[in-house]
Structure formats: structure tokens, C-alpha cells
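Q: predicted model and sequence below, questions to follow.
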Amino acid sequence: MLKKNVLLVLGAGGHGKSVAEAALLSGKWKKVVFADDSWPQKTDIAGFPIVTNINSIPDILSDISAAIPAVGNNQLRQKWFQLLENLSIPIAKVVHPSAIISPNAEIGDGVTIMAGCVVGFDVKVGDGAIINMAASIDHDTHIGVFAHLSVGVKVVGNKKIDPLSFLPAGSVVTHSM
């Protein structure tokens, strides 16, 4: 049986730490633990326990309730997402409590929406996408699966961002990509 309110974050790097913090601040998760290939040599990141490596996730299934891949590399995030699906682990979405999300927006599984983001009316964010700090997405825009919008990205209304796209910090998107 899955443990209640325990989130497994895959990847103990900078983005992983930010996702862990957002998860706790959201109030949805009571505990956050990490899977990272630095384990067992490394057992802690920023006060959070690293409890396994990526290949050994099946050994801890009874200790978690959901998981989220949290690495900036789009292809690796997609690979880890598929691993979680293959293991039938529920895939979480993490939304920082300071983000503003339209009730009409559709947010896929494995999505992270960080502090200060705005997601507008009828926006669709595909599975595994990262919407990083202070990014904003205006109405009727579609963000493709496993895309990464870096810090401060602005996307005007009615645009399409392709799957696996990477938009660098501060980008302003006025045409579909």
C-alpha cells in the first residue's frame, strides 16, 4: 500500500530542491524524499533525505504516494516520467502556492509550476513541462509535453510551444515555436 502524502522527487539538483520546497509549501505533501544516482554515497540534500537511486525506485514503492521527475534536461525528465508510468506510480504535479492558475487551465501530470507564475485562461500545459519562476503564459496557449520555460519567460496569447522545447530565461514569445 502506498504511504499517504509522501512525494518522491527524482533528481537531487537545483530544480529538484525547488520542486521539493514548492511541494511542501503547497500543503499537499507532508514529506518529500529524493531518488538520485548519488545515493548511497549521498543521503541528504538541503535537509531532505535521499532514499534510493533511480534504478532502485521499485524497492521503495510502499513508502511513497506519488513521484515527480524534477530535472531540467527535457529528455531525461521524459525518460524518468516513462519509468514512473511503467512502474504504475502516480505522477504528481507541483504548483507553488504563489502561482496564479486560471481555473480553466489544464495542467498535465508531472508538471511543475514555480513561484510567481501566471497561467491564463484556457492554457494547456502538457505532461512533464516545467514552468519556472515568474513565467507567464497568456490565454489559449498550448505548452507541449516536456517543454521547459525558464525563469521569467513570457508567452503571449494563442501560441503553441512544441514538445521538448527549451525557452531560455527572459524569453518573450510572440510567435508559435
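A: Yep, that arrived. Because the structure is a prediction, the values reported are computed rather than measured.
Q: mind listing what's buried along stretch 111-121?
A: Of the residues in stretch 111-121, those buried by neighbour count under the rule 16 or more other CB atoms under 10 Å are 111-120. All C-beta atoms are positioned from the backbone trio N, CA, C, and that covers glycine.
Q: any chance of those residues in CSV, plus distance to F34, secondary structure and pLDDT?
A: CSV is the format used below for these (distance: CB to CB, whole Å; DSSP: H, G, I helix; E, B strand; the rest coil; pLDDT from 0 to 100):
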residue, distance to F34, secondary structure, pLDDT
V111, 19, coil, 99
T112, 15, strand, 99
I113, 20, strand, 99
M114, 18, coil, 99
A115, 20, coil, 98
G116, 24, coil, 99
C117, 23, coil, 99
V118, 29, strand, 99
V119, 26, strand, 99
G120, 32, coil, 98
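Q: of those residues, which is the nearest to I50?
A: When the buried residues of stretch 111-121 are compared for distance to I50 (CB to CB), T112 wins out at 18.9 Å.
Q: bridged to the residue nearest the centre of the chain, which residues?
A: Against the mean C-alpha coordinate of the chain, by CA atoms, centre = their mean, the closest residue is T112 at 3.0 Å. Beta bridges link T112 to V94, I130 when assigned by DSSP bridges.
Q: contacts only, for it.
A: 15, 19, 22, 68, 70, 93-95, 129-131 (CB atoms under 8 Å, 6 or more residues apart in numbering).
Q: can you show me the helices along the protein?
A: For the chain, the helices defined by DSSP state H occupy 14-26, 74-86.
Q: quick check: domain ranges of this protein?
A: 6-92, 93-166 (automatic domain parsing).
Q: ok so, going back, quick one, which of the helices of the chain is packed in tightest?
A: Among the helices of the chain, helix 14-26 has the highest mean neighbour count (mean count of other CB atoms under 10 Å), at a mean of 20.
Q: outside of that helix, which residues touch it?
A: The contact list for helix 14-26, computed with CB under 8 Å, 6+ apart, reads 7, 9-10, 29, 32, 34, 36, 45-46, 48, 68, 70-72, 92, 94-97, 112, 114-115, 130, 133.
Q: how about low-confidence regions in this structure?
A: Counting by pLDDT under 70, the ranges of the chain that qualify are 1-3.
Q: can you rerun that using 80?
A: Applying pLDDT under 80 to the chain flags the ranges 1-4, 176-177.
Q: circling back: quickly note the distance from the residue nearest to the centre of the chain to Q41.
A: Plainly put, T112 is 26 Å away from Q41 if you go by CB to CB, to the nearest Å.
Q: need the nearest residue in space to A46, chain neighbours excluded.
A: Closest residue in space to A46, ignoring its immediate chain neighbours: K17 at 4.9 Å, by CB to CB, 6 or more residues apart in numbering.
Q: and the gap between that neighbour and H96?
A: For K17, the distance to H96 equals 13 Å [CB to CB].
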